[in-house]
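A.B. asks: Curious how this folds, go ahead:
(chains A, B and C)
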Amino acid sequence: MTRLKGLRTAAVVFAASLAAAACGGGGGGSSTTADKGEIHIGVEMPLSGTESTQGQPILKGVQYAAQRAGKVKGFTIKVIPFDDAVNGVHDPQKGAQNVQAMVGDTKLLGFVGPLNSNVAKTEIPIAADASLTMISPANTGVCLTKDSADSRFPYDAGCGGLNKQLRKSNPNNYFRVVTTDDYQGPAMADYFLQVLKIQKVGVASDNQTYGKGIADAFTAEFKAKGGQVVGPRNDYDQNTTDFKPFLTAAKNAGAQGIYVGGTTGTKVCQVRAQMNGIFDLSAPFGGGDGIVQDGECVGQAGAFAPNVFASIAAVDPVHVPSAKAVIDGYKKAYPDPNDYTAYSIVATDAGGILINGLSKAIDDNGGNMPKRDGVRKATASTKNYQGALGSTSFDANGDTSVKIISIYKYDSPDPKKANDEPWVAQENFGEDKPTVKTS
Amino acid sequence: MATVAGPLKQTRLGISGRVGGWIFYGVPLVAFLVLILPRLVLNPGFFLQILVFGVTDGAVLALIALGYTMVYGIIELINFAHGDIFTLGGFIGVLIFSLIGIVPGKDLNLGFLTLFVVIGVMAVTMAINGGINVLIERVAYRPLRHQPRLAPLITAVGMSFILEGLMFIWKGPNFIQSPDLLPGGHFTVLAANVDYRSIVLIAAALVLVVLLTVFIERTKLGKAMRATAQDRDAAQLMGIDINRTISATFFIGAALAAAGGILYGFYLHNFRFDTGFITGLFAFTAAVLGGIGNIRGAALGALLIGLIRAFNDGYGRSEWSDVLIFAILVYVLVFRPTGLLGMQVPEK
Amino acid sequence: MSLAVAARRRFSSVDWRDPNTLTYVGLGFLALIYPTVVYLINPDQGPALVSQAADAGVFVVMALGLNVVVGFAGLLDLGYAAFFAIGAYTYGMLASGQLALSPIGHEVHLPFWVLLFVAVLVAATCGAILGAPTLRLRGDYLAIVTLGFGEIVPRVFRNLSQFTGGVNAISAIDAPVLPFWIDGPWDGGASFAVVQNLKFTAGEPTAYYVLMVLIIVAVVVVIRNAQRSRIGRAWMAVREDEVAAEAMGVNTVNIKLLAFAIGASVSGFAGCYFGAKLSTVSPENFTFLVSVTILLMVTLGGMGNIPGAIVGALVIYFVQYKLLSDLPHWVASAASALSLSQHATNVATDYATRLNFVIFGLILAVTMLLRPQGLLPSRVRAQELQRGTTDESVFDASAT
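C.D. replies: The predicted model follows:
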């Protein structure tokens, strides 16, 4: 019996070593030195409940990034998910606990997250104390990194020095690969005014941090550039089901189009659906990255899906040589259409940048397990990371250098075609005088 | 009065007497004269349009509130799971429609047949949903009937979580779309478009209110329900099968919720696993506003909530809609502690 | 000397078979050794676990407060989170840079120790203001009014954004500062050291933990004394039969108002601490589900019983914040122990995450079905329940 067992163990070990060799061979050509152990990276997202529509694709995006990286300088990258939803809703207290648990995991050197800016506000101080790198693929609140909105826009974010208060005396540990509300809102405002030639819009939001932020930024820019925001501003609660009173009021006030800040999960595309019967199909509808490239949005909007315009803080993959491989690889690894959203690609880059930082930090530490502060420094010095979003560098605040907003349009009421929708315009806010380019 | 509630135990008027009456009617009157009348005069077409939206929303809410108030009336349980039963009804309806080939975005052009298809599917869904609710009552509430009143409340919250969880596993976190078999088209009154869809929904709610009222007042089972609600022991002594009566109430409540779920889907198209929870909360509010256990009261409360929200969204600032709804609820209860149509019973 | 005698007499009069006594002793012992044990067993995760226990304490305090309203006085309160919000926002606005952004234009940084009591006063006042016109309502009409209040308050904080920051929340709130603190093994440190002007930080949560335990002890002492005084008996009388209580000369409105105000002030206490520890106060922390959760804690633990409320709060908190969120990790490690493929592991963890609603619901329903009086029921009420054989439950004060 014992001999048999021994034999079996030997066989398993042999098979495992074969498999390891095979993996090492295919693992992106990194050094085939001995296994140095594991490095953990966290993913801090609402993974259960309603917001899991965003959280789960992001988790998968990071898992895909780790899979693509394979072994990094002899270390195995392990992705550890942390769920900050309690009773199905993101919970800042749970978020803070998650970060503390991550701080306690000595192998964990950085994490991707969180989804909500209010959760970030509880997490940044804790992570900053521990020099733990965090890269958010979704936070767009201006005040997390900057003291005020971009001075070219009339939008007052009302920060009051929050970015410094959150980090106290610690060096910056918080980075993000998406650009802020103060660019996304204005980009759509410019597009409405300059390309669609719309002078009057009605504006609504889901009355949450992200939705209200971009709706406010849109309103400020639209007015400043000579447009008119008409009708009652609608900041709806989550139990609102009927948007027709608002839409009718906007229509009566002369609105030619509607802009709504929020996400698919907070019913933005249902507002579009209810324009049916009040507005013509040709009346444009604008939103932020909460509704971009999302089959569910098309499903919700139903017959009124065409002429929905959505912005995203990234370069169109068609215009980026490095993007196609990433996107195709991701779709192969996660074929379920629900798993592919705009967020999953952003998350792949966030994960990729973090792993890149790890790799640099390993080198800096002579090939050994790096320190957290080393990872933070290496990540902060990220220059021209080539990913699905184009070439990303971080500025001193931790913000991405890519300040390009792309605008997409839904053409078909078929949810399955949501990812193939045409790119219609982009605006590069990295330039001194940004203009909307449609080709 | 069509009510399934027992002798309501709320006795004293909050602020009673002549002064109370003046205030109770005076404040809404002033509000009407100052806030609403000028708008009606300035733009009657828009006003009427908002009114139509409000009444339709109220009708949809009423479909849930009716079931809520029935269950509450008979066993005095705030059935937190009722909202989820409503969602479940919608989910089952969508499933059955898709089984017979009716999916959103696809027009089968059934013509007059549509009506029969809808009624048929609705009947099946109501039966399934009713059966599920009876099962839930049997498993989760009946064993606790002689226990502290909060115990079934907690199992109701537990059932609500279980139902939501099951629907989450079934359909995921996304909104699912329901087909729309309501008639298209509209007619115009004073520049306001009245959709035929709205008419159908309002008619459905009205018919259900009438049917339920007749059922509770005229039939034997209805009588048994009223007796059970008033005094369970006495009813039992009179030979009423309490368990059967309560099961029947749960069945009817869930069947109503299923009908409501399907009509909600037709009208608003989108559902999610947690849609019913918060909607159910407002349905409960509507039931209390009208007077718990009172069928017509529930419908009236729902109508009021629909109107408040529609007018506030149309004219004012929608972020205050919920605050206004609950403020009016508190206002009504301070002056009429048993709701708008709740009856006053002398102190024991 | 006489003090010692009194103490001994008091000690010998303790009934050691009473489950409540055992629970108090057990919980007290656990609270005492928890940080040290955690640091010894798992030094890396020590701060996280101690901090989580302190967070759980917030809910324990709230369950204690709600127990006064629901358990003692028999008033169903579905909007308890409102007072929690009031306490938290009181601290958030008066101990951060928030007011500099408001029309007031000046930052206010009052010390935590002062605001703890300001928050209590503000919450109690709000409780009284809400209670005065509505406490005439009975049964579930009162419940729905409290529900309405619970929905109104967070929305008001969200909508008055010029003062409260609105949806952007108030963050970077001041941490409490303690004049001195003794460092030791309970704090993860190896040796004893006296630290002056200790700022409560996330990295060293033991200070928060100790503060929380002290708050709980204080709240328990106050509530327990109230329960055993005339007030407590009046509450019980009102709960069991309001009309009879009134006939016996109990001023029912005042006594209910008092229960409401005490409940509210305890919640305000918890809110203030919560804001300080999390350093962020945002409207989404105070939803209806929070009110329901606290009600679950009280009922599951055993209504009207102080140790019951504590145990209930700890159990529910553990399930929601530890068990359900760690379940995917356990599944993942089980899957890797079984050497499943990465894909299978991901699928399994995915399902563990999706199941968490169902698991929580099952725990609630099954516990209630097995122990309808709660895990640790009040002895007095248990006896009443055994004697009562009619349909009308003891809880339903207004039942015929």
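A.B. asks: CA only for contacts and neighbour counts going forward, please
C.D. replies: Noted.
A.B. asks: Tell me how many other residues surround whichever residue of chain A sits closest to chain C.
C.D. replies: As assessed by Cα to the nearest Cα, chain C sits closest to A:G104 within chain A, at 4.5 Å. A:G104 is flanked by 20 other residues according to other Cα atoms under 10 Å in any protein chain shown.
A.B. asks: Surely it is in contact with C:G46?
C.D. replies: Yes - assessed by Cα atoms under 8 Å, A:G104 is found in contact with C:G46 at 7.4 Å.
A.B. asks: on that earlier part again, so who does the residue of chain A closest to chain C touch?
C.D. replies: C:44-48 (Cα atoms under 8 Å, 6 or more residues apart in numbering or on different chains).
A.B. asks: ok, now with 7 Å
C.D. replies: Applying Cα atoms under 7 Å, 6 or more residues apart in numbering or on different chains, we find A:G104 in contact with C:44-45, C:48.
A.B. asks: what about it, distance to chain B?
C.D. replies: 31 Å (Cα to the nearest Cα, to the nearest Å).
A.B. asks: Look up how far C:V114 lies from that residue.
C.D. replies: A:G104 sits 33 Å away from C:V114 when distances are taken as Cα to Cα, to the nearest Å.
A.B. asks: pLDDT below threshold where in the stretch 251-400 of chain C?
C.D. replies: C:380-400 (pLDDT under 70).
A.B. asks: Do a quick rundown of the helices in it.
C.D. replies: Counting by DSSP state H, counting those that start in this stretch, one finds helices in the stretch 251-400 of chain C at the ranges C:252-278, C:288-301, C:306-318, C:324-337, C:342-354, C:356-370, C:379-387.
A.B. asks: Please identify which of those helices is closest to chain B.
C.D. replies: With Cα to the nearest Cα as the criterion, chain B lies closest to helix C:356-370 of the helices of the stretch 251-400 of chain C, at 3.9 Å.
A.B. asks: and the residue of the stretch 51-200 of chain C found nearest chain A, which of the three is it?
C.D. replies: Per Cα to the nearest Cα, C:V167 is where the stretch 51-200 of chain C lies closest to chain A, at 5.1 Å. Classification of C:V167 using DSSP: H, G, I helix; E, B strand; the rest coil returns helix.
A.B. asks: That one against C:R158, yeah?
C.D. replies: Yes - with contact defined as Cα atoms under 7 Å, C:V167 counts as touching C:R158 (5.6 Å).
A.B. asks: Overlap in contacts, the two.
C.D. replies: With Cα under 7 Å, 6+ apart, C:V167 and C:R158 have common neighbours C:P283.
A.B. asks: tally of neighbours for the residue nearest to C:L296 when sequence neighbours are not counted?
C.D. replies: Nearest non-adjacent residue to C:L296, counting by Cα to Cα, 6 or more residues apart in numbering or on different chains: B:I154, 6.4 Å away. Around B:I154 sit 30 other residues, with neighbours defined as other Cα under 10 Å.
A.B. asks: Tell me how far B:I154 lies from chain A.
C.D. replies: From B:I154 over to chain A the distance is 15 Å, taken as Cα to the nearest Cα.
A.B. asks: who's in contact with the helix or strand hosting that residue?
C.D. replies: If you go by DSSP states H and E, B:I154 is part of helix B:150-171. By Cα under 7 Å, 6+ apart, the list of residues contacting helix B:150-171 from outside reads B:77-81, B:84, B:140-141, B:144, B:273-274, C:296, C:299, C:354-355, C:357-358, C:361-362, C:364-365, C:368, C:372.
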